[in-house]
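**Student:** Structure, please.
(chains A and B)
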Amino acid sequence: MSVNKKIPVLTVNSTFHIGSKDEDENKTGLAHLFEHLMFEGSENVEKGNFDEILNSNGGDSNAYTSWDITSYHISIPSNKLELALWLDSGRIAGFRIDNESLEIQKKVVMEEKLQVHDNTPYGSVEAESSKRLFKNSGYKSPIIGNMEHLEKVDLIDINNFFNMYYVPCNMVLSVVGDIKFDETEKMIKKYYENIPPGKYIERKLYDESEILSEICETVFDDINLPGKFYFYRIPKSGTREYYISHLISAMLTEGDSSRLYRELVYDKQLLNEVDSAIYGMEDVSLFNINSIAMEGADINEIENRIDDELNNIKEGKFTEDEIFKVKNRIITKYIMKLQTNNNLADKFSEIRTFYPDCSKINNEINEYDDITKSEITDFASEFLDKKKRVVLNYLPRE
Amino acid sequence: MELKLDRTKPPVTGKPRDLLFPEYYEQVFSNGVKLYVINDSRLPLVTTRIIFKTGSSEDEFESENKSGLASIVSELITKGTNSLKATEIAEKIDYHGAVLSSGCDYDATYITSSSLKKYFPFIFSLTFDLIRESVFSEEELQREKNQVINSLLSCYDEGEFLAERLFKKIVYKNSPYANNIEGIVSSVNNIKRDDILNFYKSFYAPANMVIALVGDITPVEAEKLVISKLTGWDSQAIKNRPVPKTRFEQKTKSYIYDRKGAVQSNIRLGHLGIERKNPDFVKISVMNTLLGGYFTSRINKNLREVNGFTYGARSYFSWKKFQGDFSVETDVKNSLTAKAVKEIIYEIKKIRDEFVTEDELFSVKNYLSGNFPLQLETPNAIATKVLNLELYELDKNFYNTYITAINSVTKEDIKNCAEKYLHPENLAIAIVSNLSETKKEMEEIGEVEVAEKIDE
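**Tutor:** Okay, the predicted model is just below:
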């Protein structure tokens, strides 16, 4: 719980430690489909009424599924706290779904896949990269799953999935906003404490052998501009290396003075866009660089220039000032992000899902403070190794 | 202790806490610059939002085929002054961990910067220097044009972008609101350095400027900072012209653009709507929210929750300063296109021809009033609201009376508004899809024209 009385609203976030990587490899997409089903009603809320009740009380809801977690949030005026807890706990205490709802939501998810992936330029990058980065773990499938698997999902699958994962011992509840601690705690106990806790979940051990030679693949798409996408496996979320990787990512692409922007977008005009991202995950993380070329640009030169910049970092060709700059930038963005109840609640849930307590929310930002130059160069040499990466070249279809 | 719990009925809840729009300080300087200050010291951050009350609707203020001009001027603001090169500006901003962005919409230009409080005086001063001392070098202009043209090439890969362009061109016809804010390839190629300089001189002027400072800053601190940057910047007359209203009165007609490889249709249908100042604004908002403005609206419920046609469908009254449009947007499998369009038209007719139920109205009112505080959650969001009062010349009390206004809307109001502002017999239906899978079925709905080209 965290109090913020600025505006009379609050967020209830319930997060379940179940994501696409935990799925059976013949039943991919189940975690995300399930996210849709949690809005379909429960023992005491008729089909279709979950959102109606919420909306008609001034509330709103949303949810997302990642590789590791499924997260739901409700934001609502603060006088309706109890209603939000009633709605949220009700679907865990008395989950209910019928075949008609299941079939409609399968169709909705298939349209979601068409909209987000199949009908979108470069929309297949996630699927194309995952299957090359991973061979054994659940990380090898895209979160939205395989549509052939999805078609076959039935109510038995759904109920088994629910009974296994949607239980209090696999859940974190965060309430942030215009609340009083004692009153809120009482209400949470009232609605959640008597739900059976569920059983400890045995998770598959992460078992992937190292990538030993560069995997480079060409994909043809309906696009005007070629794209180049790089992926490197790096250590899991929350490790020292994970925080170091953020600094390097910022050195490469954060702001107009960043290395790749300055060199490839501004100076050489080889790229129209460049960005990088760290996907922090439970067992492993990904370091990703995305670039879209300018029309007619020399693709080999782009690759060489990107490699040059990575080599510069490996060789320590950067100043303490540059480290100071990216630390500043990361800290400002971190603080700005936690301005909203939704983002703060999400952060609480994420941290408490993977750590024994919430203290990290107060000291995570300090993780960056004492990272040294040699740690940056060591990280880059070890993990941003050309031999260990997956590269996707997207080219216009002829 | 055993707690007795009845889960069968929703709990009774207490009274909502009152919400007033945050207090703000307001001042006008002698050269016409307006300043708003909103103090919010929860986090050690300060944001500056500056607007000039001119946007892309003035792209062609001097000559034809210059769409994209206002946007390029706003982008070039960060690309060089008398004393700083673009790379030096970027270095200074990034070094201080600040974020600075600029851009425009149809009615205004925006320059926003945020930083930690300790760096704020420096970042504010730099932001102002960029505005007052930009040089717009030929080299930076060429570079920017090159980038914009390549970005446009990427945009034309996206079905959603194409559908939006097609729809706007049909309903707004020759209005500047039909243009793409970033321009089109031929117009961007046609922009010269003189166009940039003339636009800058005409519109980046004190009397056209409004500043909102929000965050961990007091009005006294803010005023001192602003005054220190205003020296020698004199007032000058601004010639912002109203955008002439266009008319759109044809029978419902579809326009299909054949996109190779499309596995879904991007559908945008609707007609002209209202300008922001329309006195029925709140009533129209309530009507539109019920029709297609939120998750449990009629259109989304019908298309997504009952039929499973789509991931989502929404309707919008997108208002601008002088005119606006009404549109319903959704993406569906090619083969479902005509079915989805028929359902949308059915819902538009129904809300016009029948009273909405008291339950639906109750729900929408609660939704809109309950959601309103979320629009005041961040300093940046508050700043935008304050600047909108200024930009769209709204009643100063608009936000403080908003919830009351929402709650006084009746089902008669909704029906009157629907009769006046919705025209289901006169829709422009813009579709980007695989033509061979959609044309025949769309002909059952009305005349179909194949759109050969969207932009030159």
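**Student:** Helix or strand: which one has B:Y402?
**Tutor:** Using DSSP states H and E, B:Y402 sits in helix B:398-407.
**Student:** if you look at that helix, does any of it touch chain A?
**Tutor:** No - using CB under 8 Å from any CB of the partner chain, helix B:398-407 stays clear of chain A, with a minimum separation of 10.2 Å. C-betas here are computed from N, CA, C, even on glycine.
**Student:** And stretch B:58-72, by the same measure?
**Tutor:** No - legend: contact between stretch B:58-72 and chain A by CB under 8 Å from any CB is lacking; minimum distance shown is 15.5 Å.
**Student:** List the buried residues for the helix holding B:Y402?
**Tutor:** By 16 or more other CB atoms under 10 Å in any protein chain shown, the buried positions in helix B:398-407 come out as B:F398, B:Y399, B:Y402, B:I403, B:A405, B:I406.
**Student:** any chance of those in CSV, plus distance to B:E140 and pLDDT?
**Tutor:** Formatted as CSV, those follow (distance: CB to CB, whole Å; pLDDT from 0 to 100):
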residue, distance to B:E140, pLDDT
B:F398, 40, 94
B:Y399, 39, 93
B:Y402, 43, 93
B:I403, 47, 92
B:A405, 47, 95
B:I406, 47, 95
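**Student:** And stretch A:306-321, what's buried?
**Tutor:** Applying 16+ other CB under 10 Å to stretch A:306-321 flags A:I306, A:E309, A:L310, A:N312, A:I313, A:K314, A:F318 as buried.
**Student:** Same check on stretch B:368-386?
**Tutor:** In terms of neighbour count (16+ other CB under 10 Å), stretch B:368-386 has its buried residues at B:368-374, B:376-380, B:382-386.
**Student:** coming back round to it: output the buried residues of helix B:398-407 as TSV; include the columns distance to A:Q115.
**Tutor:** TSV is the format used below for the buried residues of helix B:398-407 (distance: CB to CB, whole Å):
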residue	distance to A:Q115
B:F398	35
B:Y399	34
B:Y402	33
B:I403	34
B:A405	35
B:I406	31
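**Student:** re earlier: and the next helix or strand past the helix holding B:Y402?
**Tutor:** According to DSSP H and E, the helix or strand after helix B:398-407 is helix B:411-421.
**Student:** Now do that next one: which elements does it pack against?
**Tutor:** In this structure, helix B:411-421 makes packing contacts with helix B:281-288, helix B:337-353, helix B:358-371, judged by 3 or more CB pairs under 8 Å, 6 or more residues apart in numbering or on different chains; DSSP states H and E.
**Student:** Next, count neighbours for residue 205.
**Tutor:** This is for chain A. When neighbours are counted by other CB atoms under 10 Å in any protein chain shown, A:L205 registers 8.
**Student:** other chain: chain B
**Tutor:** Per other CB under 10 Å, the neighbour tally for B:A205 reads 20.
**Student:** Spell out the residue ranges of the helices in the stretch 1-150 of chain B.
**Tutor:** Under the criterion DSSP state H, counting those that start in this stretch, helices of the stretch 1-150 of chain B are mapped to B:69-76, B:86-95, B:120-133, B:138-155.
**Student:** actually the stretch 251-398 of chain A, not the one I typed
**Tutor:** Using DSSP H, counting those that start in this stretch, helices in the stretch 251-398 of chain A cover A:259-260, A:299-314, A:320-337, A:341-354, A:360-363, A:373-383.
**Student:** got the angle for the last one vs helix A:320-337?
**Tutor:** Orientation note: helix A:373-383 sits at an angle of 80 degrees relative to helix A:320-337 (axes from the mean of the first three to the mean of the last three CA atoms, to 10 degrees).
**Student:** who's in contact with helix A:373-383?
**Tutor:** A:232-235, A:240-241, A:244-245, A:247-248, A:287, A:310, A:313-316, A:318, A:320, A:323 (CB atoms under 8 Å, 6 or more residues apart in numbering or on different chains).
**Student:** same thing with the longest one?
**Tutor:** The set of residues that contact helix A:320-337 without belonging to it, under CB under 8 Å, 6+ apart, is A:246-247, A:250-251, A:254-255, A:257, A:343, A:364-365, A:368-369, A:371, A:373, A:376, B:43-45, B:94-99, B:114-116.
**Student:** Buried ones in it, by neighbour count?
**Tutor:** A:E322, A:I323, A:K325, A:V326, A:K327, A:N328, A:R329, A:I330, A:I331, A:T332, A:I335, A:M336.
**Student:** again, but for the fifth one
**Tutor:** Buried residues in helix A:360-363, defined by neighbour count with 16+ other CB under 10 Å: A:K360, A:I361.
**Student:** domains for chain B, by residue range?
**Tutor:** Domain ranges of chain B: B:25-230, B:253-450, per automatic domain parsing.
**Student:** Chain A now?
**Tutor:** The record's domain parsing of chain A by automatic domain parsing lists A:2-192, A:215-396.
**Student:** Generate TSV for those, with mean pLDDT as supplementary columns.
**Tutor:** Listed next are these as TSV, based on pLDDT from 0 to 100:
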stretch	mean pLDDT
domain A:2-192	96
domain A:215-396	96
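**Student:** what does the stretch 151-300 of chain A put close to chain B?
**Tutor:** A:178, A:189-191, A:193-194, A:222-225, A:254-258, A:262, A:265-266, A:269, A:272-273, A:292, A:294-295.
**Student:** try it again with 6 Å
**Tutor:** A:K190, A:D222, A:I223, A:N224, A:L225, A:G255, A:D256, A:S257, A:N272, A:M294, A:E295 (CB under 6 Å from any CB of the partner chain).
**Student:** So which of the residues you listed are in strands?
**Tutor:** If you go by DSSP state E, these have A:N272 in strands.
**Student:** Just the buried ones from the residues of the stretch 151-300 of chain A next to chain B?
**Tutor:** So, by 16+ other CB under 10 Å, the buried ones in these are A:K190, A:D222, A:I223, A:L225, A:G255, A:D256, A:S257, A:N272, A:M294.
**Student:** got a list of what the fifth one touches?
**Tutor:** In this case it means A:G255. B:D94 (CB atoms under 6 Å, 6 or more residues apart in numbering or on different chains).
**Student:** What of the second one?
**Tutor:** In this structure, A:D222 makes contact with A:R397, B:G261, judged by CB under 6 Å, 6+ apart.
**Student:** For A:K47, grab the count of nearby residues.
**Tutor:** Neighbours around A:K47, by other CB under 10 Å: 14.
**Student:** Pull the contacting residues for it.
**Tutor:** With CB under 6 Å, 6+ apart, A:K47 has these contacts: A:G41.
**Student:** One more pass at 8 Å, please.
**Tutor:** Per CB under 8 Å, 6+ apart, neighbours of A:K47: A:E40, A:G41, A:D98, A:S101.
**Student:** Just give me the residue right at the centre of chain A.
**Tutor:** Taking CA atoms, centre = their mean, the centroid of chain A lies closest to A:S66, which sits 4.8 Å from it.
**Student:** Which phi and psi values does that one adopt?
**Tutor:** Main-chain dihedrals, A:S66, degrees, to the nearest 10: phi -120, psi -170.
**Student:** still on that earlier bit, and which of the buried ones among the residues of the stretch 151-300 of chain A next to chain B is nearest A:H149?
**Tutor:** Nearest to A:H149 among these: A:D222, at 25.8 Å, using CB to CB.
**Student:** ok, A:E210 - how many residues close by?
**Tutor:** 8.
**Student:** Can you tell me the closest non-neighbouring residue to it?
**Tutor:** A:K388 (6.7 Å; CB to CB, 6 or more residues apart in numbering or on different chains).
**Student:** do the same with B:D18
**Tutor:** Per CB to CB, 6+ apart, closest to B:D18 is A:P8, 7.7 Å.
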